[in-house]
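> predicted structure and sequence below. I'll ask about it afterward.
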Amino acid sequence: MIIIPAIDIRQGKCVRLYQGDFSKSTKVAEDPVKVAESFQETGAQYIHMVDLDGALEGRPVNEDIIINVVSQVKVPVELGGGIRDLRTIDRLINKGISRVILGSAALKNPQMVMEAVKEFGHHIAVGIDAKNGKVSIEGWLNTSDVDYIDFALKMEDIGVDNIIFTDISRDGTLKGPNLEQLRALKDKVSCKITASGGIKDIEDIKALKAMDLYGAITGKAIYDGTLSLAEALKI
């Protein structure tokens with residue numbers, strides 16, 4: 001299982017949200033490049049980035065900042081937030097983004113996801129963010145009536161092989177990941193699954209690794225010091 005440290009960008013700064021609430025945004029660092037470089041120096045194999053402003057506006061907003069990060073580190077970067085069409089996907093990949101994460105676009109436009117997978121293959125992942133098991137979109141402001149497992153099965157059917165699952169109620173809380181929902185998801189699909197949201201400490205990392213997941217994304221725990229990235233990378 002790979003450990004993927006997270007950098008969420010809002011108004012050009014590194015922040016963390018609490019349960020996806022933009023009114024509960026806390027700045028955790030000034031310079032995204034320095035944060036990414038520190039993750040690289042520690043040994044991270046991948047970095048997860050989210051354009052939070054982009055997720056709200058439905059288009060990339062902090063793209064220049066994010067691409068600058070990509071240009072300064074050798075570690076591959078995956079990016080989500082406001083990516084809604086093939087043209088944007090193509091541009092981001094050409095600028096060095098290793099993996100593009102589709103969320104709202106995947107729910108609203110599965111045909112586009114199918115075309116993206118055909119054209120860009122392993123460079124495409126789908127982010128499934130859920131509240132009470134229902135898929136949320138548009139910066140987590142709107143919750144659909146679509147069950148997260150049903151949505152995952154649909155994505156698998158159209159060729160997606162990489163799913164990032166977040167239980168929004170756990171995100172930024174340090175209360176531990178939703179192991180029950182993750183286990184149910186893993187039992188139903190054969191995609192690579194990355195857990196996101198709620199990771200607090202090394203015991204959470206061990207629990208996720210025991211599930212044989214592809215990856216685990218962690219942000220707040222690293223910034224708050226409840227999890228050592230160096231220690232997690234050794235598990």
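Okay, I see it. Numbering: from 1, shown residues only.
> put the alpha carbons of the helix or strand bottoming out on mean pLDDT in the chain into CSV.
Ranked by mean pLDDT, DSSP states H and E, the weakest helix or strand in the chain is strand 21-29, scoring a mean of 82. C-alpha atoms of strand 21-29 as CSV (Å, rounded to 0.1, in the frame of the first residue of the first chain):
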residue,chain,number,x,y,z
ASP,A,21,-16.8,22.5,5.2
PHE,A,22,-15.2,25.5,3.5
SER,A,23,-16.1,27.8,6.5
LYS,A,24,-13.8,25.6,8.6
SER,A,25,-10.7,26.0,6.5
THR,A,26,-7.4,26.1,8.4
LYS,A,27,-4.1,27.2,6.7
VAL,A,28,-1.4,24.6,7.4
ALA,A,29,1.4,26.0,5.3
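> Ile193 in helix, strand or coil?
The assignment at Ile193 comes out as strand when based on DSSP: H, G, I helix; E, B strand; the rest coil.
> what pLDDT is listed against it?
Each residue has a pLDDT score; the one for Ile193 is 98.
> look up how far Ile217 lies from Met49.
Computed with Cβ to Cβ, to the nearest Å, the distance linking Met49 and Ile217 is 10 Å. For the C-beta atoms, the positions are set from N, CA and C on the backbone; glycine is no exception.
> and for those two, which residues touch both?
Ala6 (Cβ atoms under 8 Å, 6 or more residues apart in numbering).
> list the residues that contact Ile158.
By Cβ under 8 Å, 6+ apart, the residues touching Ile158 are 110, 113-114, 117.
> okay if I get these as TSV plus pLDDT?
Formatted as TSV, these follow (pLDDT from 0 to 100):
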residue	pLDDT
Pro110	96
Val113	97
Met114	97
Val117	98
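> dump these into CSV; add distance to Val35, secondary structure and neighbour count as well.
Shown next, in CSV, are these (distance: Cβ to Cβ, whole Å; DSSP: H, G, I helix; E, B strand; the rest coil; neighbours: other Cβ atoms under 10 Å):
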residue, distance to Val35, secondary structure, neighbour count
Pro110, 34, helix, 18
Val113, 30, helix, 23
Met114, 34, helix, 16
Val117, 30, helix, 21
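> Ala44: which of those is nearest?
Val117 (25.9 Å; Cβ to Cβ).
> now the closest one. Nearest residue, chain neighbours left out?
Distances taken as Cβ to Cβ, 6 or more residues apart in numbering put Gly159 closest to Val117, at 4.1 Å, once the chain neighbours are dropped.
> which SSE is the one you found in?
Secondary structure here is read from DSSP states H and E; on that basis Gly159 sits in neither a helix nor a strand.
> that one is in contact with Lys118, isn't it?
Yes: using Cβ atoms under 8 Å, Gly159 makes contact with Lys118 at a distance of 7.0 Å.
> between the two, who's got more neighbours?
Remark: of Gly159 and Lys118, Gly159 carries more neighbours, 14 against 11, as counted by other Cβ atoms under 10 Å.
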